[in-house]
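# sequence? don't have it. structure:
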């Protein structure tokens, strides 16, 4: 079975969180199993404190969590989440990431669509590049991001003097990275690190450089 | 696979959706105003004047008339029940689940039909008690007539829903139908006092047949044939509206989500 959590909140606003879960559980699983499924979803998603609250009284983050719980109340093995972090505060986002991490450990397949690259980095292992309805490339996220050159910049202040160390990291091998860092020995041992920055290796940076990922579309081998 | 509604899911769909609608109606409170408060207020304010103008001597008729008129708010709340899926964003879930249309409609319209029926029942009983209207042996025959009248309103609401694309357009149409049908059907003034074209047009409305049946029991000879004939006509009107609405209902059709 597939569970789909649409981007738009889909809950009956005059009904409480528990009532919403019961309604969708009844439609998906039948009334015999509905109550148990609703209780489990309330516990899994940490909704105990708002279970009896009507949806229209909930905050944006609470609504999003209740929406996810209602979408996946039948515990499907394949879960499609469309923009799941929309409107989430940091705490709720952390809670969602923990849930997805747990689902990964339980071998549940989670497909996430997101506008924010950080969401993809935090939630996904595999990345599919779809362009014009065709899958052009499927990579593990670490391969996709790790294959890019990154630049390490360290700014050091020693009294009134300021020095900067900058090196390119093109490898994902630990030994190569240690070798680059070894060059730091040439810098003064005294002083404070004023700024430490690693750029270029994030999905956001890749997307900022090439928003439509054309380079991958053009050279990637289509899968379908 | 996403489970499609079949077998046991039919009953579950009806139960789940009727629970949503019953709770929504109760918590929204406005049905209480439209179904109960307005007929009482209008019959208290306008009832004596209507009685005097008509000179029918049928004390209690305006109360029944306004009750029948506003019982057709079932059409409005049926539309609310369907459009609320768009306000709540839940239509996407229904579009994916694809419950059977019959189960979906039964779940959506069941509670509002019951509310309309109970409203009519309360007013008929109150009118009979307060105004000393004698109830004849055929009074029990009114029950199916009142139920059918309420169901016809709900079915008409569904038809207006499938024909419109937004709540705004639906609301305009439903009040036109509510007042238009109510007037033509003789809920405000008796049809007998209207000019001929309107008198004939009024016979198309369920209100006309409902008023005919109720008046026969409460103010007439209590002829069961009249009540049965009225019930049969409203039953047929309801069946036609239901079939038309269910046939055109498309759970995957996107509509404006504005309230």
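Structure's in. What do you need? These numbers come from a predicted model, not from an experiment. Numbers count the residues shown, from 1 in each chain, chains lettered A, B, ... in the order given.

# first to last residue in stretch A:102-110, what's the distance?
11 Å (Cα to Cα, to the nearest Å).

# can you confirm whether it lies near chain B?
No: with Cβ under 8 Å from any Cβ of the partner chain as the criterion, chain B is not reached by stretch A:102-110; the gap is at least 14.2 Å. C-betas here are computed from N, CA, C, even on glycine.

# what mean pLDDT does that stretch get?
Average pLDDT, stretch A:102-110: 92.

# over to stretch B:226-237?
94.

# now stretch A:90-97
88.

# got it, and stretch A:178-198?
pLDDT averaged over stretch A:178-198 gives 76.

# quick one: contacts of stretch A:163-177?
If you take Cβ atoms under 8 Å, 6 or more residues apart in numbering or on different chains as the criterion, stretch A:163-177 is touched by A:142, A:146-147, A:149-157, A:180, A:183-184, A:187-188, A:191, A:198, A:201.

# residues contacting the residue in the stretch 51-200 of chain B positioned nearest to chain A?
With Cβ to the nearest Cβ as the measure, residue B:89 is the residue of the stretch 51-200 of chain B nearest to chain A, at 4.2 Å. Neighbouring residues of residue B:89 by Cβ under 8 Å, 6+ apart: A:6, A:8-11, B:257.

# for residue B:17, same thing?
Counting by Cβ under 8 Å, 6+ apart, residue B:17 makes contact with A:23, A:27, B:103-104, B:107-108.

# repeat the analysis, applying 10 Å as the threshold.
A:23, A:26-27, B:81, B:85, B:94, B:99, B:103-111 (Cβ atoms under 10 Å, 6 or more residues apart in numbering or on different chains).

# so which of these sit within strands?
Per DSSP state E, strands hold no members of the contacts of residue B:17.

# am I right that the residue of the stretch 51-200 of chain B closest to chain A sits in a strand?
No: Residue B:89: not assigned to a strand; according to DSSP: H, G, I helix; E, B strand; the rest coil it is coil.

# please enumerate the helices of chain A.
A:17-29, A:31-44, A:60-71, A:90-105, A:117-123, A:141-146, A:174-182, A:203-209, A:214-219 (DSSP state H).

# Serialize those to JSON lines and add fields for distance to residue B:229.
Below are the helices of chain A laid out as JSON lines (distance: least, Cβ to Cβ, whole Å):
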{"stretch": "helix A:17-29", "distance to residue B:229": "41"}
{"stretch": "helix A:31-44", "distance to residue B:229": "41"}
{"stretch": "helix A:60-71", "distance to residue B:229": "48"}
{"stretch": "helix A:90-105", "distance to residue B:229": "62"}
{"stretch": "helix A:117-123", "distance to residue B:229": "66"}
{"stretch": "helix A:141-146", "distance to residue B:229": "73"}
{"stretch": "helix A:174-182", "distance to residue B:229": "91"}
{"stretch": "helix A:203-209", "distance to residue B:229": "73"}
{"stretch": "helix A:214-219", "distance to residue B:229": "72"}
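
# packed most tightly, which of these would that be?
helix A:17-29 (a mean of 25; mean count of other Cβ atoms under 10 Å in any protein chain shown).

# so that helix versus helix A:60-71, what angle?
On the basis of axes from the mean of the first three to the mean of the last three Cα atoms, to 10 degrees, helix A:17-29 is oriented at 30 degrees to helix A:60-71.

# is helix A:17-29 up against chain B anywhere?
Yes: Helix A:17-29 lies within reach of chain B by Cβ under 10 Å from any Cβ of the partner chain, at A:19-20, A:22-29.

# what pLDDT is listed against residue 55?
Reading this off chain A. The model reports residue A:55 with a pLDDT of 97.

# the intended chain is chain B.
For residue B:55, pLDDT reads 59.

# so where's chain A shaky on pLDDT?
Across chain A, the ranges flagged by pLDDT under 70 are A:146-148, A:186-190, A:200, A:219-224.

# list, one by one, the residues from it near chain B.
A:1-16, A:19-20, A:22-32, A:34, A:54-56, A:67, A:70-71, A:74, A:76, A:78, A:82.

# 8 Å instead?
A:1-2, A:4, A:6, A:8-15, A:19, A:22-24, A:26-28, A:30-31, A:34, A:54, A:71.

# what about stretch B:217-231, distance to the chain center?
On the basis of Cα atoms, centre = their mean, to the nearest Å, stretch B:217-231 sits 20 Å off its chain's mean C-alpha point.

# buried residues in that stretch?
Neighbour-count burial for stretch B:217-231, counted by 16 or more other Cβ atoms under 10 Å in any protein chain shown, picks out B:217-220, B:222, B:224, B:226-227, B:230-231.

# thinking again about what came up before, most widely separated two among the contacts of residue B:89?
By the measure Cβ to Cβ, A:11 and B:257 form the most distant pair in these, at 13.5 Å.

# which of those two has more residues huddled nearby?
residue A:11 (28 against 15; other Cβ atoms under 10 Å in any protein chain shown).

# thought residue A:63 was touching that one, still the case?
Yes: using Cβ atoms under 8 Å, residue A:11 is in contact with residue A:63, at 6.8 Å.

# so whatever residue of the stretch 151-259 of chain B ends up closest to chain A: helix, strand or coil?
Scanning the stretch 151-259 of chain B for the residue nearest chain A gives residue B:257, at 8.5 Å (criterion: Cβ to the nearest Cβ). When classified by three-state DSSP, residue B:257 comes out as coil.

# quick one: residues contacting the residue lying closest to it once chain neighbours are set aside.
Leaving aside its sequence neighbours, residue B:257 sits nearest to residue B:86 (Cβ to Cβ, 6 or more residues apart in numbering or on different chains; 4.3 Å). Contacts for residue B:86 were tallied using Cβ under 8 Å, 6+ apart; they are B:167, B:255-257.

# could you pull out the helices for the stretch 151-259 of chain B?
B:167-184, B:196-202, B:206-218, B:224-248 (DSSP state H, counting those that start in this stretch).
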